[in-house]
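1. pasting the structure only:
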C-alpha cells in the first residue's frame, strides 16, 4: 500500500487519509477509511464475482464500470440488492485505454479543479484504495437525499427523446451544445441562472480536454419546489490522456450547424471567438460572456498546484499541464 501524504479527495497536503473538509463533503462528516475492504477485482476472483453481481442491479449512464455503495461503520462497502446506495465506486476500467490505471486519479483531479478553482458545483468525490493498492474513484450520489430518499433526475438524452431504438447506437453523441441549451430553456424554470452554469461547464470541458461530455453526462435534478435545475457536474476528466478524441463529444460541437459554422477557427476548431458566439446564442449577455471568458482564460496558480499534488504519475502531470495550457491559448484567441 502506498503512503498517503495528501488528502485523497481535496489533494491538500499533510493528510494521511481524508481531510475534515473531505469527510464533510463526501461522507456527511463521518470518519471513513480510504481503504476498501476488498482486493482489486482483477486480483481476486471472489471479489471480482461480487463486483460483477453489484454492477448488474444499477442503471446509471456512462461507460466506466460503476458499483453502488453505502457507508457502514466507517467503511465503504458494496450495497446489497434492494439496499439504497449513497455512493458510486469506479474501479480502474478493464480496458486497453492508454494510461488506464490513472483514470481514477484523472477524474478526481479534474473534478477538484472544477470545484476549487472555477467554482463549478460538482458531485463530491475522492479516491479510495483496494487492499491490494489499486485506486478507485468514489463519488457521493447527488440524486439521493438523506431525508427525502431518491430524487428525480433526468439526463439530456431522455429530455431530448433520443435513445438507441430511435437514434441508433451513437444516440448520445448526435447533438450540439446549442441544442442542449434549448432543452434547458424548455425544461428548467430558472433557465437564465442555470444557463450560465451550463456555459461554464462547456467551457471547462473544452479547457480541460474532456472529449466525452455527451448527452448522458448532463442532467437535471429535482429541487425542493418540485421543479428542476441543472445537476452538479459529474464524469469530468481529461479524456485526451486516454484516447485520441476530438474537442467535443457531441458530433455537431458547439453549434447547431456543426462544422459548417463560420465561428470556428483552427481548421474548423473552436477558440475564444467561438465561445463568444456560443454564449450569445444561448442567451447570455455580452458583459457576462466577457466576464466568464476572462475567468476561464486567466491563470490561477492553484490549477497547476492541484495537478502537481494529484495522484497522477509525473509524466502524466506534465501532459495534463501542457494540454491545459494549449487549450487556454485557444480561448485567448478571439479573432
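-> Yep, it's here. Since we're looking at a predicted model, the values are computed, not measured. Residues are numbered from 1 along each chain as shown.
2. Quick one: the strands in the stretch 201-335 of the chain, in order.
-> 219-222, 228-230 (DSSP state E, counting those that start in this stretch).
3. Out of those, flag the one nearest residue 241.
-> With Cβ to Cβ as the measure, strand 219-222 is the member of the strands of the stretch 201-335 of the chain nearest residue 241 (24.4 Å). In short, each C-beta sits where N, CA and C put it, glycine included.
4. Partner strands of the closest one, with direction?
-> Sheet pairing of strand 219-222 (DSSP bridges) gives strand 153-155 (antiparallel), strand 228-230 (antiparallel).
5. Have a look at this protein and report its longest helix.
-> Ordering each helix of the chain by length in residues (DSSP state H) puts helix 314-332 first.
6. State the mean pLDDT of it.
-> Averaged over helix 314-332, pLDDT sits at 97.
7. Break this protein into its domains for me.
-> 20-145, 150-332 (automatic domain parsing).
8. Endpoints of the first one, how far apart?
-> Just to be clear, that refers to domain 20-145. Taking Cα to Cα, to the nearest Å as the measure, domain 20-145 stretches 21 Å from start to finish.
9. Residue 240: what's its closest spatial neighbour, skipping adjacent residues?
-> Leaving out its chain neighbours, the residue that sits closest to residue 240 by Cβ to Cβ, 6 or more residues apart in numbering is residue 209, at 4.1 Å.
10. which stretch in the domains of the chain is the model least sure about?
-> Looking at the domains of the chain, the lowest mean pLDDT belongs to domain 20-145 (a mean of 86).
11. Does residue 206 touch residue 270 like I think?
-> Yes. Shown here, residue 206 and residue 270 form a contact pair, counting by Cβ atoms under 8 Å, at 6.6 Å.
12. shared neighbours, those two?
-> Contact criterion Cβ atoms under 8 Å, 6 or more residues apart in numbering; residues shared by residue 206 and residue 270: 247-248.
13. related to what we said a few turns ago, who's in contact with the residue nearest to residue 240?
-> When contacts are counted by Cβ under 8 Å, 6+ apart, residue 209 is found next to 238-241, 323-324, 327.
14. Of those, which is the most crowded?
-> Taking other Cβ atoms under 10 Å as the neighbour criterion, residue 238 ranks highest of the contacts of residue 209 with 26 neighbours.
15. I'd like the domains of the chain as JSON lines, with distance to residue 4 appended.
-> Written out in JSON lines, the entries for these read as follows (distance: least, Cβ to Cβ, whole Å):
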{"stretch": "domain 20-145", "distance to residue 4": "7"}
{"stretch": "domain 150-332", "distance to residue 4": "9"}
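16. Out of these, which gets nearest to residue 8?
-> Taking Cβ to Cβ as the measure, the domains of the chain were each checked against residue 8, and domain 20-145 came out nearest at 4.1 Å.
17. Could I get the full set of helices for the protein?
-> Taking DSSP H as the criterion, the chain contains helices spanning 20-27, 45-55, 103-116, 156-160, 164-167, 177-187, 191-207, 272-281, 286-297, 301-309, 314-332.
18. closest one to residue 3 among these?
-> If you check each of these against residue 3 by Cβ to Cβ, helix 301-309 wins as the nearest, at 14.6 Å.
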